[in-house]
Structures are given as structure tokens and as C-alpha cells.
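*Asks:* Let me see the structure of the following:
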Amino acid sequence: MAHPIRPDEFDPEYYRSTNPDLGLLGDDELYHHYESIGRAEGRPAAAAAFREVLVQIAGQLESILEIGPFYRPSLVGPNVRYFDVLDYDGLCERAREHNLPVTEIPHIHYVSPDGDLSTICDTFQAVFSAHVIEHQPCLLSHLRQVAQLLPPGGFYFLAIPDKRYCFDHFIPESTIADVLYAFQEQRTRHILASVIEYGALATHNDIQRHWEGDHEDPGFRDALVNRIHAAIELYKNAQGSYIDVHAWQFVPDTFRSIVTLLHSLELLDLYPVVVYDTPCGRQEFTAVLTKIAAPH
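*Replies:* A predicted model of the protein is given here:
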């Protein structure tokens, strides 16, 4: 039986071993259970749905760039290089401002205050980022810059927040139209709409509460008007300088669809190899893109 989910997105042996109640089911029955019940329950269908496993896979490659390690890089080792908007001293200062540890902050090999990856002249077998793409003013520009760092067959490993289980819950999912409009404008700063959404619609960040269906704190709606006013004031006072907000909100299916469409439109040489569903109790999903020529 040919499954619409790629085999490495649904691993029947893994699904069977992590769900003892399904131990007697055959592979096709396991897949049917996952599609009809397990996916909604957040039962992981493959080990790499967890960031820590994806990191182990990525770390085996000879050369890899991690974007935005801040105070706790996901990857370490002689095969890893780091890119950030601040150098080592700047990251230490920022960490201390937020009462975060500085002991694991790595040497930053490439620095660009604007997050411009085109300043990097090297290439890598893979690029890794965790909770980075949602901050990009222009998602497509970021993805195209990543593609330039990869050889054909190279990989972009990502951990991406699932909007359903974090403070983005009430912000609408991003669309291909949103992505293309940002690219047309060649955005390097977040627009007022993103600042308002982030400032006014952001809710709590308690993962377990979100999985239990509890998304709203008391008084959330009563404070909406004041929060909108505050977001507008923040945007005005910034006078065009960068405000760090989430500009993109995804769930696994919409992320896969958007990247696939960008590739089909011949705007992007990256294509989704796998996009895993979000495991129960987590607020992020993982994905792997590979560099292949856009179709002609």
C-alpha cells in the first residue's frame, strides 16, 4: 500500500514501539490509527519529530551552520559554525540582561546585525535553526539565503513553533499570499500588522494548557483595546528600527504547503523532504528541506 505520508514521516516500527496499546496491529492498521486518531492526539509518528533526535542526525554531517544559537546552541563540535545578529560579547550582554546563563554561549563565526546570511562566503552540508524563521521580516528572502549556503542535496533542518501550542495561538496562520507580499516589498523590518498581532493577540505560553484546550488567560479580551494602543505606540516610537516579533505563524501542514508552493513557483530551490507533526506536550514541529533545482 502506498501511503500519502512519506515512510520516514510515518515509521510503523517506531509508532508500534512507542504505543504498547497498538502492539498487535499491522503496518497499515497502524497508519490508519495514526491518521484517524493518533495525529490529533499528538502521538509522534517518527523519532525525528523531536528536536533532540533531529539534532543528532544533523550533527553527523561534516559541516553545518547553526543560525541564532544565542546562549544555548543546539549543535556543538568541530564541524559546527555559528551565525547570529550579535557577536560573543553582545550575546553575553543580552543573556545577562535576561538573567540567562552565559557558560554555553559559543564563539560566533559570522555576524550580521540585520540577520543577512548573504554576508557568509562559505558553504555547508546543512544549516540548522530553531525558532528562527518566524522572526524573519521576509520569509522567502531568508529561505533563499539559506539555499545559497548549501550545495545541491544539502539540507536545512528546522524546529518551528506550532502556533496552536504557544502564545501565537490566536494569531491567524500565515498564507502564501502573506509570504509573497513580504517578498515583493523586500521587507527588512516588521510591519505594523505584525507588531499589533504580536502585541495584542499573544496569549500565554503554557504548553500543557494549550494541549488541554485552555488558550486564554482571564481578562485577555478586556485588555485587547489597551494592548492594541500599546502596540501602535511601540511601532511609532521605534521610528523604523527593528522590533523583534513573530511575523509568521505555522502548523506543519501549512508550512509544508507554503514551501512546496514557493518551489513550484520557481522562487525557491528548497523543497520539503519531511515535515513532522507536533508531538503531544511540545510546542514545536521539526522539518527538513533539501536543495534541489526548482521545476521548469
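*Asks:* With just CA atoms, put stretch 129-139 into CSV.
*Replies:* Only the C-alpha atoms of stretch 129-139 are listed here, as CSV (Å, rounded to 0.1, in the frame of the first residue of the first chain):
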residue,chain,number,x,y,z
SER,A,129,17.8,26.8,13.0
ALA,A,130,15.4,26.5,16.0
HIS,A,131,12.7,29.2,16.4
VAL,A,132,14.3,31.5,13.9
ILE,A,133,12.2,31.6,10.7
GLU,A,134,9.2,33.0,12.5
HIS,A,135,11.2,36.2,13.3
GLN,A,136,12.2,36.9,9.7
PRO,A,137,10.6,40.0,8.2
CYS,A,138,10.8,38.3,4.8
LEU,A,139,10.5,34.5,5.0
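*Asks:* what about it, average pLDDT?
*Replies:* For stretch 129-139, mean pLDDT is 97.
*Asks:* Repeat that for stretch 196-208.
*Replies:* On average, stretch 196-208 scores 95.
*Asks:* for stretch 53-62, same thing?
*Replies:* Computed over stretch 53-62, the average pLDDT equals 94.
*Asks:* And that stretch, what's buried?
*Replies:* Leu54, Val55, Ala58, Gly59, Leu61 (16 or more other Cβ atoms under 10 Å). In this view, the C-beta of every residue, glycine as well, is placed from N, C-alpha and C.
*Asks:* just stretch 233-241 next, same as before
*Replies:* Leu234, Tyr235.
*Asks:* and that stretch, how far from the chain's centre?
*Replies:* 26 Å (Cα atoms, centre = their mean, to the nearest Å).
*Asks:* how about the helices in the stretch 1-150 of the chain?
*Replies:* 12-18, 27-33, 39-41, 51-58, 88-97, 139-148 (DSSP state H, counting those that start in this stretch).
*Asks:* ok so, going back, quick one: which of the buried residues of stretch 53-62 is nearest to Tyr181?
*Replies:* Nearest to Tyr181, judged by Cβ to Cβ, of the buried residues of stretch 53-62 is Leu54 at 30.5 Å.
*Asks:* right, and the closest one touches Ile160 too?
*Replies:* No - the criterion here is Cβ atoms under 8 Å, and Leu54 misses it with Ile160 at 11.3 Å.
*Asks:* Which neighbours do these two have in common?
*Replies:* Thr286 (Cβ atoms under 8 Å, 6 or more residues apart in numbering).
*Asks:* Read off the pLDDT value for Asp8.
*Replies:* 78.
*Asks:* Contacts for stretch 286-294, please.
*Replies:* Taking Cβ under 8 Å, 6+ apart as the rule, stretch 286-294 contacts 48-51, 54, 143, 147, 150-160, 252, 255-256, 259, 263-276.
*Asks:* Equivalent analysis for stretch 194-204, please.
*Replies:* Identification of contacts with stretch 194-204 by Cβ under 8 Å, 6+ apart yields 167-171, 215-217, 220, 224, 227-228, 230-232, 234-235, 243, 245-247.
*Asks:* if we can go back for a sec, need the buried residues of stretch 53-62 in CSV with distance to Ala177, can you?
*Replies:* Shown next, in CSV, are the buried residues of stretch 53-62 (distance: Cβ to Cβ, whole Å):
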residue, distance to Ala177
Leu54, 30
Val55, 33
Ala58, 32
Gly59, 37
Leu61, 35
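*Asks:* domain assignment for this protein?
*Replies:* In the domain annotation for the chain, the residue ranges read 12-45, 47-63+123-296 (automatic domain parsing).
*Asks:* ok now the first one, how far from the chain's centre?
*Replies:* With Cα atoms, centre = their mean as the basis, the distance from the averaged C-alpha position of domain 12-45 to the chain average is 25 Å.
*Asks:* Compute the first-to-last residue distance for that domain.
*Replies:* 7 Å (Cα to Cα, to the nearest Å).
*Asks:* before we move on, what about stretch 160-179?
*Replies:* For stretch 160-179, the end-to-end distance is 16 Å (Cα to Cα).
*Asks:* returning to what we had before: to Cys121, which of the helices of the stretch 1-150 of the chain lies closest?
*Replies:* helix 139-148 (10.3 Å).
*Asks:* returning to that earlier point: right, so the domains of the chain: which one is the most enclosed?
*Replies:* For the domains of the chain, the largest average neighbour count (mean count of other Cβ atoms under 10 Å) is found in domain 47-63+123-296, namely a mean of 18.
*Asks:* Can you show me the strands along this structure?
*Replies:* Secondary structure of the chain (DSSP state E): strands at 64-67, 80-84, 110-111, 126-130, 155-161, 270-275, 284-291.
*Asks:* Take those and lay them out in a markdown table including distance to Leu117.
*Replies:* A markdown table is the format used below for the strands of the chain (distance: least, Cβ to Cβ, whole Å):
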| stretch | distance to Leu117 |
| --- | --- |
| strand 64-67 | 7 |
| strand 80-84 | 7 |
| strand 110-111 | 8 |
| strand 126-130 | 9 |
| strand 155-161 | 11 |
| strand 270-275 | 13 |
| strand 284-291 | 14 |
